[in-house]
Structures are given as structure tokens and as C-alpha cells.
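*Asks:* Provided below are the primary sequence and the corresponding predicted coordinates.
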Amino acid sequence: MPFNTPNAATYDLLMNRRSVKARDMVGPGPDRADMEKILAAALRVPDHGKLFPWRYLVLEGAAREKLGDMIAKALIEENETSEKVAEKMKGYATQGPVLVVAISSVREESTIPVWEQELSAGAACQNMITAATALGYASCWLTGWASYSPTVKAGLGLKANENIAGFIFFGHQAEEPSERPRPEFDNHVTWGFPE
């Protein structure tokens, strides 16, 4: 297919895509072939300087449970949380059938501003959830306490220049999601140069 081919269905997909709460997802999640398609879409985002400032960890099955254990342990160590509260957090990583940890991996020595590299990582996350919808899967992009935890970041092998851009869950929706409030168009769009 030629580049930039008009496709009205893509616009409709963007206007009707809706996140599904990870805890409400059911299996099966995307298989290896569909996950490769979803991740390939993540690699096709605006990227000033062609730095590829992102990478991804795909976790399924027991690997998600291992992350849940790590999150619970980190919560106790870093926040002195009770074991009862931490035990609940063990389930965070197993909410959806497949989990991608999206990692912003900036190159601080580059002349490209870090902010632009982080924007590219965000665009990659958006491409993943859009691609998942196009392939018939539910998705949910979350962050939360664990994405900022030094213990979790170290346990996942992140380097000093890396941050977790999100935990992105994939599966199927058990039921039709409801719409959420959307912004008023005119409150967020200005036509012309500001006066």
C-alpha cells in the first residue's frame, strides 16, 4: 500500500476507540503474531533525529506474576505499606492477559531535546493501543505508583536514562465499555494567533 493513503475507517476508529479497564479484560490476549503487529506500529512514530528513544518488555503468564511480586515488595520497602495492601498490588500486573512495559529510553547526549524524545515514546504508546483496537483487542494504558518506583525500574533492568512510559494491557472486552466525559472542543481549540 502506498504511504499516506486516505482511509476514512481509520478516522472512525480514532473517534470510537475506548480504553477498557485492565481489570475488566478477559482472555485470550493477542498472540505472538498480533503482538508483533501492535509493536511494529509502535516503531512507526514521529522520532526527531531517528533516535528510537523507546523499547518494550512483553510480559505474559508467570512473567506478569513476577512483576506483581516485585511491585508488592517495592511498595513495602519504599512506602512502608502493610503486607495486606501490598498483597492486593500483586494483582496489578496480571489484570490483562498480555502486558507491555513501554520504556522511554532517552539519549541525553543528543542535540534532540529530551522532551521531544519523551513525546515520541508517548506517541508509540498511542500507536500501540490504536493498533490493538484495529486488530480487535481491548487495551488500557496505565502508569501509577509502580511506574515511578526506583525498585521496580531497577528490577526491570532500566538504566539511568530510562523511565516507564506506561504499563499497557491487552486482552478482550467482556462487555461494551461506557463512554467517559470528553472535553468541549471550543474550550481547547483556538483559531488564529492569540490576541
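*Replies:* Structure's in. What do you need? Residues are numbered from 1 along each chain as shown.

*Asks:* Parallel or antiparallel, which strands does the helix or strand harbouring Arg55 pair with?
*Replies:* Secondary structure from DSSP states H and E places Arg55 in strand 54-60. When pairing is defined by DSSP bridges, strand 54-60 lines up against strand 98-105 (antiparallel).

*Asks:* Contact partners for the residue nearest the centre of the chain?
*Replies:* Nearest to the geometric centre of the chain sits Ile168, at 3.6 Å (Cα atoms, centre = their mean). Ile168 sits next to 99-102, 125, 128-129, 139-142 when contact means Cβ atoms under 8 Å, 6 or more residues apart in numbering. Glycine gets a C-beta too; all of them are placed from N, C-alpha and C.

*Asks:* nearest to Lys66, of those?
*Replies:* Leu99 (11.1 Å; Cβ to Cβ).

*Asks:* where does the closest one land on pLDDT?
*Replies:* The predicted local distance difference test score for Leu99 is 97.

*Asks:* what's the closest non-adjacent residue to it?
*Replies:* Leu59 (4.5 Å; Cβ to Cβ, 6 or more residues apart in numbering).

*Asks:* Run through who's touching the helix or strand of the chain with the lowest mean pLDDT.
*Replies:* The least trusted helix or strand in the chain, going by mean pLDDT, DSSP states H and E, turns out to be helix 83-89, with a mean of 83. Helix 83-89 is touched from outside by 68, 71-73, 75-76, 146, with contacts defined as Cβ under 8 Å, 6+ apart.

*Asks:* With distance to Lys84 added, can I get the residues you listed in TSV?
*Replies:* Putting those into TSV (distance: Cβ to Cβ, whole Å) gives the following:
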residue	distance to Lys84
Gly68	15
Ile71	15
Ala72	11
Lys73	14
Leu75	11
Ile76	11
Ala146	18
